[in-house]
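In: Predicted model follows, preceded by the sequence.
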Amino acid sequence: MPEITQNLHAEIESMRSMPITMSRIRTMARTQKVPARELAMVIISDPVITVRLLKLLNSAYYSRGDKINSIVRAVIVLGSNTVKNLAIQSSGMQARNADHPSFPFEDGIWKHSLACGMASRMIGRAQKNPRNGPDEFYIAGLLHDIGKILLSQNHPKEYMAAIQESDLKHLPLPFAEENVFKTDHQKIGMAMAEALKLSPFIQEVIGYHHNPDKASAENQLIVNSVHVANWLCNTSDLGFAGDRYRYNLDEGMLRALNINGDILSDWHDTIETEVNATIKFLAAGS
Amino acid sequence: MKVKFWGVRGSIPVPGPSTAVYGGNTSCMELRLDNNKLIIFDCGTGIRELGQSLMKTDAPNGPIIADIFLSHTHWDHIMGFPFFAPIFIPTTKLTIHGPVNFNEKLEDVFLGAMKYAYFPVKMEEMRSEISFMELQQSYIIKDGIKISTRYINHPILTLGYRIEADGKTFVTVYDNEPYRNLFEQPEGGQADEMAVEGQEVIKDLNNQIIAFASKADLLVYDAQYTGKEFPSRLDYGHSTFDIALKIASQAGAKRLAFYHHEPTRSDDELGKIEKAFQDFVKSRQLPIEVFAAREGQEIQL
């Protein structure tokens, strides 16, 4: 399906945020003064809203020279009200309709993205003087599978076929995606991140989280971190990434990131608790 | 370089006996360079009298050509434009610069306030040549003048301007509220990552404003509120006299004009505040001259 790459902008426009966040945003739209913390938490719980907001924030209209990758910074710079309105516009509230059936594992991929964001942030916290802040580690993890969200939301039948092929033939999911789509979620995600002019570190995380050796020297740490976070979430069944064929992790990479196996098992419970707390938070205000 | 204040009031024009000294017209300033180039900041109601003045001083000598820089498009900064007499002269050429939101065009926003329902002369019927230039945060050199713009903190996208020409620097920072940490935990709460990051962000942003105003020969700064009034007006997008002086001092500005006066502030009240700040500066021997801008006041830089 080479037309996916050719129609990239239309494909991006068709993406939708999660029903639970859209519902929460509908409530926010009716509220005059939404607390900054609540606003930020809703935004960073949804990869599609986050990616669209980052696109707007880094467009010529709002750009302050440096790329904005932090929702905290965005809310302080632009004010809660402006960010709230941008979030409403970014949530694609009109896009979801009966002609656009949802992908069966949409919920699983969303929870996987959330969990991967949280795991990446934890790994980021364990690093000494990283180039990126904890918030950027989180955003990188949250968005790493944005290409998968695009493919599975816009082409649910074909994406199910890729998952089945991966499962039956014990193929890594990107290989099965390539067979079906003539592209994979890393490539299409990276093309999307480039088109939206997201920061280079986000582009590399999206494009190389399965092949961290391809990352540039300056973004190697954050790409490695998301690679490990992704592995952790996959092997621990934190959400479902559609990928039942799990890759082995290079233990040298774990050591380089100051991570040992015991810590990873503790993180599983912490992340699971955080994911559930996020879902509870979104549901409470819907 | 010479600056003249034609409108100094914030929010809404307030003519009347209680504002006759400082003036009741909304934002408008005239900047004249040594080569007589005309730059106008904002089109509040003060621009009407500027227009009358230009008809006497400039129109007889040739076309009126000017750049207009809008801080933003709230009413009090654009409502005087239809009454700016030079727009009805065919030889007048105006370039209107200003910030806009991502889904709007400056021309549409500006002219939206001049629809037939609001004003009887349509844009097409104005005989002058008017063009629009949308601005973001940037740095440009035009006709040898260095113009830097910086987004400042107001409910809609708003720009401050830094003009460097004739060996002098003129800076505007209005309408602007200091950035504050919206992620601060309630009193007694422990600062989490969001609160800590928020603190770093506001430090960075407020330092950027200070750098923007650095060594200004004249800094025109939002001083709508007193320190006492400010807590009940958070998020309105304005500053206080104290904040203006603090920023101007940290920036090493030579002169500070308190600007965008609160519409309910009488001449008596404003005069007392102005004197109190002048006394304070004198008592502390601060190397800065402060004053509350008043209509008709001219400053040679």
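Out: Received, thanks. Numbers count the residues shown, from 1 in each chain, chains lettered A, B, ... in the order given.

In: okay, CA-based contacts and neighbour counts for the rest of this
Out: OK.

In: longest helix anywhere in chain B?
Out: What stands out as the longest helix in chain B, according to DSSP state H, is helix B:193-212.

In: C-terminal to it, what's the next element?
Out: strand B:218-222 (DSSP states H and E).

In: Tell me the buried residues in stretch A:236-245?
Out: A:237-245 (16 or more other C-alpha atoms under 10 Å in any protein chain shown).

In: An error on my part: the question was meant for stretch B:191-200.
Out: B:191, B:194-195, B:197-199.

In: quick check: mean pLDDT across that stretch?
Out: Averaged across stretch B:191-200, pLDDT comes to 88.

In: List the contacts of it.
Out: A:37, A:72-73, A:76, B:180-185 (C-alpha atoms under 8 Å, 6 or more residues apart in numbering or on different chains).

In: The same query, at a cut-off of 10 Å, please.
Out: Contact partners of stretch B:191-200, identified using C-alpha atoms under 10 Å, 6 or more residues apart in numbering or on different chains, comprise A:37, A:40, A:70-73, A:75-76, A:133-135, B:179-185, B:201, B:203-204.

In: could you flag which of the residues you listed are buried?
Out: So, by 16+ other C-alpha under 10 Å, the buried ones in the contacts of stretch B:191-200 are A:37, A:40, A:70-73, A:75-76, A:133-135, B:179-184, B:201.

In: Go through the strand or helix carrying A:Thr5 and flag the buried ones.
Out: Under the criterion of DSSP H and E, A:Thr5 resides in helix A:3-6. By 16+ other C-alpha under 10 Å, the buried positions in helix A:3-6 come out as A:4-5.

In: That one packs against which elements?
Out: Secondary-structure packing of helix A:3-6 (3 or more C-alpha pairs under 10 Å, 6 or more residues apart in numbering or on different chains; DSSP states H and E): helix A:8-13, helix A:146-154, helix A:173-181, helix A:185-195.

In: got the CA positions of that helix in CSV?
Out: Extracted in CSV, the C-alpha atoms of helix A:3-6 (Å, rounded to 0.1, in the frame of the first residue of the first chain):
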residue,chain,number,x,y,z
GLU,A,3,-0.4,5.2,-1.2
ILE,A,4,-0.1,5.5,2.6
THR,A,5,3.2,7.3,2.2
GLN,A,6,2.0,9.3,-0.7
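
In: Report the contact partners of the residue nearest the centre of chain A.
Out: Centre of chain A computed as the mean C-alpha position; nearest residue by C-alpha atoms, centre = their mean is A:Leu143, 2.1 Å away. Contacts for A:Leu143 were tallied using C-alpha under 10 Å, 6+ apart; they are A:44, A:46-48, A:50-51, A:113-114, A:116-117, A:149, A:189, A:193, A:202-203, A:205-206.

In: Ok, A:Asn258 next?
Out: Residues near A:Asn258 by C-alpha under 10 Å, 6+ apart: A:123, A:126-128, A:252.

In: What residues does the stretch 151-300 of chain B have near chain A?
Out: Proximity of the stretch 151-300 of chain B to chain A, by C-alpha under 10 Å from any C-alpha of the partner chain, involves residues B:151-157, B:179-185, B:193-195, B:197-202, B:205, B:235, B:237.

In: One more pass at 8 Å, please.
Out: Contacts of the stretch 151-300 of chain B with chain A, taken as C-alpha under 8 Å from any C-alpha of the partner chain, map to B:151, B:153, B:155-156, B:179-183, B:194, B:197-198, B:201-202, B:205.

In: closest to B:Leu106 among the residues you listed?
Out: Ranked by distance to B:Leu106 (C-alpha to C-alpha), those are led by B:Ile156 at 13.0 Å.

In: For the closest one, what is the enclosing helix or strand?
Out: B:Ile156 belongs to no helix or strand, assigned by DSSP H and E.

In: Quick one: residues contacting it.
Out: By C-alpha under 8 Å, 6+ apart, B:Ile156 lies in contact with A:82, B:72, B:101.

In: mind giving me JSON lines with those residues and columns for pLDDT?
Out: JSON lines is the format used below for the contacts of B:Ile156 (pLDDT from 0 to 100):
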{"residue": "A:Thr82", "pLDDT": "78"}
{"residue": "B:His72", "pLDDT": "96"}
{"residue": "B:Asn101", "pLDDT": "75"}
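
In: Going through the residues you listed, which ones are buried?
Out: Looks like these have A:82, B:72 buried, using 16+ other C-alpha under 10 Å.

In: Contacts only, for B:Pro99.
Out: B:70-73, B:106, B:134-136, B:157-159.

In: same check, this time on A:Tyr208
Out: The contact partners of A:Tyr208, by C-alpha under 8 Å, 6+ apart, come to A:186, A:214-215, A:223.

In: Now intersect the residues you listed with the helices, please.
Out: Filtering the contacts of A:Tyr208 for helices - DSSP H - leaves A:186, A:223.

In: Would you mind checking the contacts of A:Tyr208 for buried ones?
Out: So, by 16+ other C-alpha under 10 Å, the buried ones in these are A:186, A:215, A:223.

In: just to revisit the earlier point, save the buried residues of stretch A:236-245 as CSV, and put in secondary structure too.
Out: Converted to CSV, these look like this (DSSP: H, G, I helix; E, B strand; the rest coil):
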residue, secondary structure
A:Asp237, coil
A:Leu238, coil
A:Gly239, coil
A:Phe240, coil
A:Ala241, coil
A:Gly242, coil
A:Asp243, coil
A:Arg244, coil
A:Tyr245, coil
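
In: Neighbour-wise, give me the winner out of the contacts of A:Asn258.
Out: Counting neighbours by other C-alpha atoms under 10 Å in any protein chain shown, the top entry in these is A:Ile123, with 26 neighbours.

In: Out of the helices and strands packed on helix A:3-6, which is closest to chain B?
Out: Closest approach to chain B among these is made by helix A:8-13 (15.9 Å; C-alpha to the nearest C-alpha).

In: Show me where the chain dips below the pLDDT cut-off.
Out: Using chain A. For chain A, applying pLDDT under 70 flags the ranges A:1-2, A:60-66, A:92-101, A:245, A:261-263, A:286.

In: if you could check chain B rather than the one you did, that'd help
Out: Low-confidence segments of chain B (pLDDT under 70): B:102.

In: Strands along that one, start to end?
Out: Per DSSP state E, chain B carries strands over the ranges B:2-7, B:28-32, B:38-41, B:65-69, B:93-98, B:129-134, B:139-142, B:145-152, B:158-165, B:168-173, B:218-222, B:255-259, B:289-292, B:298-300.

In: Against which helices or strands is the shortest one packed?
Out: Looking back up the chat, that one is strand B:298-300. On a contact count with 3 or more C-alpha pairs under 8 Å, 6 or more residues apart in numbering or on different chains; DSSP states H and E, strand B:298-300 meets strand B:2-7.

In: Each with direction, which strands does the strand it packs on pair with?
Out: In the sheet, strand B:2-7 lines up against strand B:28-32 (antiparallel), strand B:298-300 (antiparallel) (DSSP bridges).

In: what angle sits between that strand and strand B:255-259?
Out: If you take axes from the mean of the first three to the mean of the last three C-alpha atoms, to 10 degrees, strand B:2-7 sits at 20 degrees to strand B:255-259.

In: ok now do the spatially most central residue of chain B, which residues does it touch?
Out: In chain B, the C-alpha nearest the mean C-alpha coordinate belongs to B:Tyr174, at 4.5 Å (C-alpha atoms, centre = their mean). Contacts for B:Tyr174 (C-alpha under 8 Å, 6+ apart) come out as B:71, B:152, B:159-160, B:220-222, B:238, B:259-260.

In: Quick check: of these, which lies closest to chain A?
Out: For the contacts of B:Tyr174, the minimum distance to chain A (C-alpha to the nearest C-alpha) is 8.6 Å, reached by B:Ile152.

In: quick one: contacts for the closest one?
Out: Listed by C-alpha under 8 Å, 6+ apart, the contact set of B:Ile152 reads B:158-160, B:173-177, B:209.

In: let's go with 7 Å and repeat that
Out: Residues counted as contacts of B:Ile152 (C-alpha atoms under 7 Å, 6 or more residues apart in numbering or on different chains) are B:158-160, B:176.
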